[in-house]
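Asks: quick one, what's the 3D model for this:
(one chain, ligands or ions: 2)
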Amino acid sequence: MSKTAYVRTKPHLNIGTMGHVDHGKTTLTAAITKVLAERGASTFVPFDRIDRAPEEAARGITINIAHVEYETDTRHYAHVDMPGHADYVKNMVTGAAQLDGAILVVSALDGIMPQTAEHVLLARQVGVDHIVVALNKADAVDDGEDTVLTDLVELEVRELLTANGYGGDSVPVVRVSGLKALEGDPRWTASIDALLDAVDTYVPMPERYLDAPFLLPVENVLTITGRGTVVTGAIERGTVRVGDRIEVLGAAVETVVTGLETFGKPMEEAQAGDSVALLLRGVPRDAVRRGHIVAAPGSVVPSRRFSAQVYVLSAREGGRTTAVSTGYRPQFYIRTADVVGDIDLGETEIARPGDTVTMSVELGREVPLEPGLGFAIREGGRTVGAGTVTEVG
Ligand SMILES: Nc1nc2c(ncn2[C@@H]2O[C@H](COP(=O)(O)OP(=O)(O)OP(=O)(O)O)[C@@H](O)[C@H]2O)c(=O)[nH]1
Ligand SMILES: [Mg+2]
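Replies: Numbering: from 1, shown residues only. Ligands and ions are numbered 1, 2, ... in the order given. Below is the predicted model of the structure:
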């Protein structure tokens, strides 16, 4: 193999686009790669490559999140483009769990829509601390009175962010056109530069837990013919090197890492925050699944019971119209795992849409849990709650 090794020259951050269906997330993602490719350090990824991850087309595996990489002058980014449709929110949840910052895409033509609000809420819940707003399609509302409308949309977005604890007054809101930038219109490629500058300066470099034992939630599993089984995902904490022993929780497998790559480039050592593919020795393809955890052997003890604080989404946010009560059995989306769980609301007994409640949960199987871990609760294709683990056991 003569692949060029990954060289870590700049700090690495994970970022992503989120927002309502059709507001232009994928177009903007393509535009960002195009503008940066012209600056020199990145590769242009066209719209149809992002909208359809090759694995998805070729293998029929549901990936639903496309990863691209790019570099600004000061940073290396892995960017996930999150689908807007409500059915795919679970992917946003699991992808967002690893985001250091997000670009909220809001169409200046349409303003805030239900999934805009839902995504902001979920981002808060899974611990995304910094959002930059791309007020997209600004080309289509460019003249005269229409800037008044755009000003109103901006105001509305800032209010939404403030209501969700993001300090909407200080969040950068950049008027862009992904579509016109993709077409090479200089006015709008400049808008993408401005957006990237806002991301570079507003989203701080997060603290990485490099000294903690290695942990990676499995996002996807692939087979490389003749080489073996590969798991992919973003490293939550610690570091990993080729030759390290690891265990796969959920699969009860202990083995050795025999290969390590990021975006197709081999690396010697990967660290917290990196999106990687790990080649595992002697592991059958069907032994490992999305939702399993790869970790340093013996470093985590999975559990089934926990207490949590949970916000029950209102109908306006895409949630339920009726209350939930003890005995309710929805799906819990924890890291990349999707596990059924029984809830016990104790003396509160019922939780109405819009309420924040404490609950005890007993999961259908053990997963690694810890206080502060965010999760989503889903039922029949929609998100009904967003919570944080307060106590394990
Ligand atoms: N006028 C204008 N149209 C745009 C712009 N960006 C995207 N569009 C159009 O809006 C539509 C949706 O764009 P996408 O990029 O697919 O939107 P998305 O948010 O990724 O959509 P989903 O992934 O389905 O949620 C397409 O027809 C785009 O051409 C823009 O800046 N200006
Ligand atoms: Mg899209």
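Asks: so how far is the first residue of stretch 329-345 from its last?
Replies: Taking C-alpha to C-alpha, to the nearest Å as the measure, stretch 329-345 stretches 12 Å from start to finish.
Asks: correction: the previous question concerned stretch 205-216.
Replies: Across stretch 205-216, first to last residue, C-alpha to C-alpha, it's 20 Å.
Asks: so for it, mean pLDDT?
Replies: On average, the pLDDT along stretch 205-216 is 93.
Asks: just give me how far it sits from the chain centre.
Replies: In terms of C-alpha atoms, centre = their mean, to the nearest Å, the centre of stretch 205-216 is found 17 Å from the chain centre.
Asks: what of stretch 274-292?
Replies: In terms of C-alpha atoms, centre = their mean, the centre of stretch 274-292 is found 19 Å from the chain centre.
Asks: average pLDDT across it?
Replies: Stretch 274-292 shows a mean pLDDT of 91.
Asks: tell me which stretches of the stretch 251-393 of the chain form strands.
Replies: In the stretch 251-393 of the chain, the strands defined using DSSP state E, counting those that start in this stretch lie at 253-262, 265-266, 269-271, 275-280, 293-295, 303-312, 324-325, 331-334, 337-344, 350-351, 356-367, 374-379, 382-392.
Asks: okay, the ones you listed in CSV with mean neighbour count and distance to residue 228 next?
Replies: All C-beta atoms are positioned from the backbone trio N, CA, C, and that covers glycine. Compiled in CSV, the strands of the stretch 251-393 of the chain are given as follows (neighbours: other C-beta atoms under 10 Å; distance: least, C-beta to C-beta, whole Å):
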stretch, mean neighbour count, distance to residue 228
strand 253-262, 18, 7
strand 265-266, 14, 15
strand 269-271, 19, 18
strand 275-280, 21, 6
strand 293-295, 24, 14
strand 303-312, 20, 30
strand 324-325, 19, 44
strand 331-334, 23, 27
strand 337-344, 18, 23
strand 350-351, 19, 46
strand 356-367, 17, 25
strand 374-379, 23, 31
strand 382-392, 20, 34
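Asks: so which of the ones you listed gets nearest residue 66?
Replies: For the strands of the stretch 251-393 of the chain, proximity to residue 66 was assessed by C-beta to C-beta; strand 275-280 is nearest, at 11.9 Å.
Asks: mind giving me the packing neighbours of that closest one?
Replies: Where contact means 3 or more C-beta pairs under 8 Å, 6 or more residues apart in numbering; DSSP states H and E, strand 275-280 is packed against strand 228-234, strand 245-249, strand 253-262.
Asks: and the helix or strand just after the first one, average pLDDT?
Replies: The C-terminal neighbour of strand 228-234 among helices and strands, as given by DSSP states H and E, is strand 239-241. Predicted confidence along strand 239-241 averages 97 (mean pLDDT).
Asks: pull out the buried residues from strand 239-241.
Replies: Residues of strand 239-241 classed as buried: 239-240 (neighbour count, 16 or more other C-beta atoms under 10 Å).
Asks: ok, back up a step: so for residue 109, which of the strands of the stretch 251-393 of the chain sits nearest?
Replies: Per C-beta to C-beta, nearest to residue 109 of these: strand 382-392, 25.4 Å.
Asks: count the residues that sit near the residue in the stretch 251-393 of the chain that ligand 1 sits nearest to.
Replies: Residue of the stretch 251-393 of the chain nearest ligand 1, by C-beta to the nearest ligand atom: residue 318 (14.1 Å). For residue 318, the tally of surrounding residues (other C-beta atoms under 10 Å) stands at 19.
Asks: do residue 335 as well
Replies: By other C-beta under 10 Å, neighbour count at residue 335 equals 27.
Asks: wouldn't it be in contact with residue 217 here?
Replies: Yes. In this structure, residue 335 is within contact of residue 217 by C-beta atoms under 8 Å, at 3.9 Å.
Asks: can you convert the strands of the stretch 251-393 of the chain into a markdown table and add a column each for distance to ligand 2?
Replies: A markdown table is the format used below for the strands of the stretch 251-393 of the chain (distance: least, C-beta to the ion, whole Å):
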| stretch | distance to ligand 2 |
| --- | --- |
| strand 253-262 | 23 |
| strand 265-266 | 26 |
| strand 269-271 | 28 |
| strand 275-280 | 19 |
| strand 293-295 | 29 |
| strand 303-312 | 26 |
| strand 324-325 | 31 |
| strand 331-334 | 20 |
| strand 337-344 | 22 |
| strand 350-351 | 33 |
| strand 356-367 | 30 |
| strand 374-379 | 20 |
| strand 382-392 | 18 |
